[in-house]
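Engineer: Only the shape, not the letters, is given here:
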């Protein structure tokens with residue numbers, strides 16, 4: 001369990017040997033007035049030797065999304081992603097370019113398939129707040 005966060009926590013972690021382990025990054029934003037936003041989830045599934053990319057862009061209520069899996073061990077090196085962490089926990093730029101599908105699939109899910117519609121985003125994030133250390137709260141889960 002992480003007791004305190006340090007700048008290296010913004011980057012890939014080395015998992016403990018013999019532990020079923022997955023590392024995740026998640027970002028999302030929504031603008032109510034414009035009915036626009038984006039969602040981005042990166043997962044390093046070590047035991048499978050893959051990175052899992054789930055991306056969604058919504059512009060004026062129209063959704064394009066995709067799920068892509070590729071061999072790899074570093075989420076920030078995922079296909080289609082250009083990530084620049086200028087200052088850990090303070091400034092980051094994410095650029096993503098992929099191929100997706102418009103709308104939900106037959107079961108009503110978004111992002112469950114790849115497609116042939118080009119989409120992406122170029123986001124610069126700036127935080128004026130320190131990261132939250134969830135360790136004290138995790139101790140209460142049980």
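Structural biologist: Perfect, I can see it now. Computed from a predicted model, the values in this text were never measured in an experiment. Numbers count the residues shown, from 1 in each chain.
Engineer: helices and strands of the protein: which one bottoms out on pLDDT?
Structural biologist: helix 135-138 (a mean of 67; mean pLDDT, DSSP states H and E).
Engineer: How about residue 52: what's its closest non-neighbour residue?
Structural biologist: residue 43 (4.1 Å; C-beta to C-beta, 6 or more residues apart in numbering). Every residue, glycine included, has its C-beta placed from N, CA and C.
Engineer: My guess is that neighbour contacts residue 67. True?
Structural biologist: No. At 10.3 Å, residue 43 and residue 67 do not qualify as touching, with contact defined as C-beta atoms under 8 Å.
Engineer: Name the residues contacting each of these two.
Structural biologist: 52, 54 (C-beta atoms under 8 Å, 6 or more residues apart in numbering).
Engineer: Can you show me the strands along this protein?
Structural biologist: 22-31, 36-45, 50-59, 62-71, 81-87, 91-102, 117-126 (DSSP state E).
Engineer: returning to what we had before: tell me the contacts of the residue nearest to residue 52?
Structural biologist: Contacts of residue 43 by C-beta under 8 Å, 6+ apart are 22-25, 51-52, 54, 75.
Engineer: now it: how far from residue 130?
Structural biologist: 25 Å (C-beta to C-beta, to the nearest Å).
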